[in-house]
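# please work out how this folds:
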Amino acid sequence: MAQTVIIRKHGGPEVLEIEDRPVGEPGPGEIRIRHHACGLNFIDCYQRSGLYPMELPTALGLEAAGVVQAVGEGVTHLKPGDRAAYAAFPPGAYCTERVMPAAQVCPLPDAIAFEEGAAMMLKGMTVEYLFHRTTPIRRGDTVLFHAAAGGVGLIACQWARSEGIRLIGTAGSDEKCALARAHGADQVINYNREDFPSRVREITEGRGVDVVMDSIGAATFEASLDCLKPLGMMISYGNASGAVPPFSLSMLASRGSLKVTRPTLFTHTANADTCQEMARHLFEKVTSGAVKIRIDQSFALDQAADAHRALESRATTGSTVLIP
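Predicted coordinates:
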């Protein structure tokens, strides 16, 4: 039996429950993995709350790291005893052990701790596709990155620095701004004290930025458009403040023929070869020292509700893990 965090209805963190579930054996194309650490992400909160509706009851969690216990027929890239990590559907990563599809589970280098693996897969591969698979970004380009002191943000700050990309980060306190700068942000903006579009124009001498990367959603979307240079790209990849409301395409024309996209990690990783390639790129960044994974919060698996509360209240920095 495996301890598993589930929900029977959508709602606040209080709907999270712990249940003992049978694990079973892997079928063709599957593995059984025992988790050493599980990752926490905003998408977990969206699924729990019903913003992203789920068929209920369901287990939660999309990211974890551990040791492969058994493999099913046809699985060739993993074997029992291998260290592995993943960010993948279906949900169910908040558990001690599970059977799951093997295609998006990635061999984890010995140099990367389980806690780091669990904290970095979804966030790190998100940064990989933001910088390499969404719009061309070249050395010397300028990116505005919201929530720069969060788990994705601190990886993005370091990633940009490692590739000669100028990153302007926003955060909600001077302390978080200092954290983003320490991790590689070229400039930082405390959006609670400064009007960030005006500050961006000042920093860029009126030109605007090449790309905005925005996981905040409704609260920052329109103002982020005002930060872009003509023909700039707005990447809206999250909804921490709520979903972006419908808008007129003329908003893009009047601001200089802007481009907007709403990508997801799982579109990229649906192809198993692409997923493994993205993971290898991420692992190279980490093992080279270019990117360090900062884990500032750790909760026991049965404290998952407290972890959700901390994340949603913006009380966290860096990454958060659950320990089974």
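
# all the strands of the stretch 1-150 of the chain, residue numbers only.
Chain-ordered strands for the stretch 1-150 of the chain, with DSSP state E, counting those that start in this stretch as the definition, fall at 2-7, 16-21, 30-39, 58-59, 63-71, 83-87, 97-101, 105-107, 142-145.

# and if you look at the stretch 151-300 of the chain?
Remark: strands assigned in the stretch 151-300 of the chain by DSSP E, counting those that start in this stretch are 166-171, 187-190, 209-214, 228-236, 259-261, 295-300.

# closest one to residue 72 among those strands?
Nearest to residue 72, of all the strands of the stretch 151-300 of the chain, is strand 295-300, at 30.4 Å by C-beta to C-beta. (Each C-beta comes from the backbone N, C-alpha and C, glycine too.)

# parallel or antiparallel, list what pairs with that closest one.
In the sheet, strand 295-300 lines up against strand 319-323 (parallel) (DSSP bridges).

# send me the partner strand as PDB with only the CA atoms.
Backbone C-alpha positions of strand 319-323 (Å, rounded to 0.1, in the frame of the first residue of the first chain) are rendered in PDB as follows:
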ATOM      1  CA  SER A 319      11.100  25.500  -4.800                       C
ATOM      2  CA  THR A 320       9.100  23.500  -2.300                       C
ATOM      3  CA  VAL A 321       9.200  19.700  -1.900                       C
ATOM      4  CA  LEU A 322       7.100  17.100  -0.100                       C
ATOM      5  CA  ILE A 323       9.000  14.300   1.600                       C
END
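
# let's have the strands of the stretch 151-300 of the chain in JSON lines, adding distance to residue 275 and mean neighbour count.
Shown next, in JSON lines, are these (distance: least, C-beta to C-beta, whole Å; neighbours: other C-beta atoms under 10 Å):
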{"stretch": "strand 166-171", "distance to residue 275": "25", "mean neighbour count": "27"}
{"stretch": "strand 187-190", "distance to residue 275": "32", "mean neighbour count": "22"}
{"stretch": "strand 209-214", "distance to residue 275": "21", "mean neighbour count": "26"}
{"stretch": "strand 228-236", "distance to residue 275": "20", "mean neighbour count": "19"}
{"stretch": "strand 259-261", "distance to residue 275": "20", "mean neighbour count": "14"}
{"stretch": "strand 295-300", "distance to residue 275": "23", "mean neighbour count": "16"}
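
# quick check: which of those strands is nearest to residue 79?
Of those, nearest to residue 79 by C-beta to C-beta is strand 295-300, at 27.9 Å.

# ok, residue 84 - contacts?
With contact set as C-beta atoms under 8 Å, 6 or more residues apart in numbering, residue 84 has these partners: 31, 33, 65-68, 78, 105-108.

# let me fix that, I meant to ask about residue 192.
The neighbours of residue 192, taking C-beta under 8 Å, 6+ apart as the test, are 172-173.

# what are the phi and psi values at it?
When quoted as degrees, to the nearest 10, the phi and psi of residue 192 stand at phi -80, psi -10.

# what's the spacing between residue 157 and residue 264?
For residue 157, the distance to residue 264 equals 22 Å [C-beta to C-beta, to the nearest Å].

# looking at these two, which one has more neighbours?
When residue 157 and residue 264 are compared for neighbours, residue 157 comes out ahead with 26 against 13, by other C-beta atoms under 10 Å.

# pretty sure the more buried one contacts residue 148?
Yes: between residue 157 and residue 148 there is a contact at 5.9 Å, judged by C-beta atoms under 8 Å.

# now the common contact residues for the two.
In terms of C-beta under 8 Å, 6+ apart, residue 157 and residue 148 are both contacted by the residues 167, 169, 180, 185.

# list the contacts for the last one?
So the one you mean is residue 185. Residues in contact with residue 185, defined by C-beta under 8 Å, 6+ apart, are 145, 148, 157, 160, 167-169.

# nearest residue to it other than its sequence neighbours?
residue 169 (3.8 Å; C-beta to C-beta, 6 or more residues apart in numbering).

# partners of the one you found in the sheet?
Per DSSP bridges, residues listed as beta-bridge partners of residue 169: residue 145, residue 188.

# thought it was touching residue 188?
Yes: taking contact to mean C-beta under 8 Å, the distance of 5.0 Å between residue 169 and residue 188 places them in contact.

# give me the common contacts of these two.
Shared contacts of residue 169 and residue 188, defined by C-beta under 8 Å, 6+ apart, are found at 148, 177, 180-181.

# in helices, which of the residues you listed fall?
When DSSP state H is applied, these are split such that 177, 180-181 fall in helices.
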